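Trainee: quick one, structure for this:
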Amino acid sequence: MTAGKLARDKNATDICILDLRKLSPVTNYFVICTAEADVHVRAVADFIKEELGSKGVMTYQSEGREKTGWVVLDYVTVIVHVFLAPVRAHYSLERLWGDAPRTEIAD
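Mentor: The predicted structure is shown next:
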């Protein structure tokens, strides 16, 4: 929930949390959000990393950076996906994990 609220604080939109605890051994939650441009994708991801890091929550791994339209921040039990809208639509994680309980974070 914290990563979703941080994404909202940095003006990400369409924020949702998928509860994967009963569906996947890989992680417990996906946090998925949309940013407006590549620079916004980086800003949202960097803000989440900095804020969680300041609370002692370190990123295990991150992927995607320059002009990919998608950054993934792996916190082991939570994986944060920051997308550009067309990239999010293409990969459609919400559809792929359609059985997962979903929580929306208001913009």
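
Trainee: host element of Glu104?
Mentor: Assessed by DSSP states H and E, Glu104 sits inside strand 102-105.

Trainee: give me the contacts around that strand.
Mentor: Met1, Gly4, Lys5, Ala7, Arg8, Ile15, Cys16, Ile17, Leu18, Asp19, Glu94 (Cβ atoms under 8 Å, 6 or more residues apart in numbering). (Glycine included, C-beta is placed from N, CA and C.)

Trainee: direction included, what does it pair up with?
Mentor: Next to strand 102-105 in the sheet, as set by DSSP bridges, lie strand 13-19 (antiparallel).

Trainee: contact partners of the partner strand?
Mentor: With Cβ under 8 Å, 6+ apart as the contact definition, strand 13-19 has outside contacts at 1, 4, 7-8, 28-35, 88, 93-94, 97, 100-105, 107.

Trainee: repeat the analysis, applying 10 Å as the threshold.
Mentor: 1, 3-8, 24, 27-36, 78-83, 85, 88, 93-94, 96-107 (Cβ atoms under 10 Å, 6 or more residues apart in numbering).
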